[in-house]
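Participant: got a predicted structure plus its sequence, pasted below:
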Amino acid sequence: MSGPASLDTELLRSFPMPCLPEDGDKEERGRLLIVGGSREVPGAALLAGLAGLRAGAGKLQIATGASVAVALGVAVPEARVIGLAETKDGCLAKAAVAPLLELAKEVEAIVLGCGLQHGPAMEGLLDGLLAARLDCPLVLDATVLGSLADRAEAVRAWPGGVMLLPHKGEMARLLACNAEEVEMDPLLVVGRAAETYRAVALVKGQYSFIAAPDGRSFRFEGGGIGLATSGSGDTLAGIVGGLAARGADPLTATLRGVWLHGEAGRILTERVGRVGFLAREIPDEIPALLGAI
C-alpha cells in the first residue's frame, strides 16, 4: 500500500458529494436508519441520529428498544422512532430482526452499533442484518465491531459497501491482534482491515488513518484531544451515515465524515476549551462546515 494522502480540503475536492437541487425535497436527501441504543445507553442513538441530520440526511429513523423508544422520540422529534422487541436487560432481541429488515429495505444508509450491548442478542441481530445483503451503505461501529472477526465473509458480501469505524482497541479485536500492534503501525493495520473485510476502514487516534479496499490510504491530523470524549464516536458514525444517505459512496462518506468531525472538534477547542466540550455539541458545527467542502 502506498503512503497515505493528507486528508484536507484540497483532497476532498476530488471526492465530491452528489449535488442537491434547490427545488429538491427530503426524499432526495436520503433516508438514514440508526439501529442502536439500549436501556443503559439510549443517548448513543440520539447522538448518531442528530449528527446524521446535521450532515444533511433528509429523513431519520431510529430503531431501538421498546422501553426507550418514546423517550427518544420526544428527544428527537425530527425522527421516526421504532420500538423493537428487547431482552429483559433492555437490549434489542433476536425477535427484532424481522421488523428491522423491513425498515432497512426502505432506506439509503444504515448505522449499526451505537449504544447496543454485547451479547448473543446483539450477535443475532448482526447476523440477521448481514444475511439480508442489502444494496445500501452500512456503517458498523461500537459494540458490533467486537463480533466481526468471525463474520468477515458476511461483511465482504454486503453489496452496498461497508464502513468500519473502530478506535485502536476495537481495531485489535477486528483483526484478532494485540493493541500494541495497532499502536506500533496503525497505517499497516488499517490497510489489513480494509483488505480483510473489503470495507473502508478507519482507526481513530491522535492521528486517524483511513484505508480503502483498493489500497488507497489517508491520514488526518486534525481534531484534538477534546474529541476523545464519551459519545464522540457516535456522532462520527452519524455524520458518516448521513453523508452516505445523501448518496456519497463509502470512501467519500468516511473521508468527509472524519474531516467534518475533526474540524468540529477544532472549532469547539478554540471556542470552549481544549477539553470539556460535549459530544452533543459536535453536530451543531457540521452544517456550516459542509459549505467549506
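Facilitator: In hand now; what should we look at? Numbering: from 1, shown residues only.
Participant: C-alpha only now, for contacts and for neighbours.
Facilitator: Will do.
Participant: how far away is the closest residue to Asp89 other than its chain neighbours from Leu125?
Facilitator: In this structure, Asp89 finds its nearest non-sequential neighbour in Arg39, 7.4 Å apart by Cα to Cα, 6 or more residues apart in numbering. Using Cα to Cα, to the nearest Å, one gets 17 Å for the distance from Arg39 to Leu125.
Participant: and what of Gly257?
Facilitator: When Cα to Cα is applied, the distance between Gly257 and Leu125 equals 26 Å.
Participant: show me where the stretch 51-200 of the chain has strands.
Facilitator: For the stretch 51-200 of the chain, the strands defined by DSSP state E, counting those that start in this stretch occupy 59-65, 79-84, 109-112, 138-140, 162-164, 200-203.
Participant: re earlier: touching, the residue nearest to Asp89 and Lys88? I think so.
Facilitator: No - in this structure Arg39 lies outside contact range of Lys88 using Cα atoms under 8 Å: 9.9 Å.
Participant: more neighbours, the two?
Facilitator: Arg39 (21 against 9; other Cα atoms under 10 Å).
Participant: which residues does stretch 76-95 contact?
Facilitator: Contact with stretch 76-95 is made by 37-40, 46, 49-50, 59-70, 72-73, 96, 99, 116-117, 121-122, 124-125, as judged by Cα atoms under 8 Å, 6 or more residues apart in numbering.
Participant: so how far is stretch 21-34 from its chain's centroid?
Facilitator: A distance of 19 Å separates the centroid of the chain from that of stretch 21-34, by Cα atoms, centre = their mean, to the nearest Å.
Participant: what do you get for stretch 10-25?
Facilitator: Put simply, stretch 10-25 sits 20 Å off its chain's centre (Cα atoms, centre = their mean).
Participant: give the buried residues for that stretch.
Facilitator: Leu12, Phe15, Met17 (16 or more other Cα atoms under 10 Å).
Participant: ok, the first one touching Ile293?
Facilitator: Read it as Leu12. Yes - the criterion here is Cα under 8 Å, and Leu12 meets it with Ile293 at 6.8 Å.
Participant: how much space separates the residue lying closest to Ala193 once chain neighbours are set aside from Gly242?
Facilitator: The spatially closest residue to Ala193, leaving aside those adjacent along the chain, is Ala201, at 6.3 Å (Cα to Cα, 6+ apart). As for Ala201, its distance to Gly242 is 17 Å (criterion: Cα to Cα).
Participant: who has more neighbours, these two?
Facilitator: For Ala201 versus Gly242, neighbours defined as other Cα under 10 Å are more numerous around Gly242 (37 against 30).
Participant: if I read this right, the more buried one contacts Leu53, doesn't it?
Facilitator: Yes - the pair Gly242 and Leu53 qualifies as a contact (Cα under 8 Å) at a distance of 6.4 Å.
Participant: where does pLDDT dip in this structure?
Facilitator: By pLDDT under 70, the low-scoring segments of the chain are 1-2, 23-26.
Participant: rerun that using 50 as the cut-off
Facilitator: 1 (pLDDT under 50).
Participant: report the contact partners of the most centrally placed residue in the chain.
Facilitator: A centroid search over the chain (Cα atoms, centre = their mean) returns Ala237, at 2.2 Å, as the residue closest to the centre. When the contact criterion is Cα under 8 Å, 6+ apart, the partners of Ala237 are Ala48, Val111, Val139, Asp141, Leu165.
Participant: neighbour-wise, give me the winner out of these.
Facilitator: The most crowded member of the contacts of Ala237, judged by other Cα under 10 Å, is Ala48 (34 neighbours).
Participant: please name the residues that touch that one.
Facilitator: Ile34, Cys114, Asp234, Thr235, Leu236, Ala237, Gly238, Ile239.
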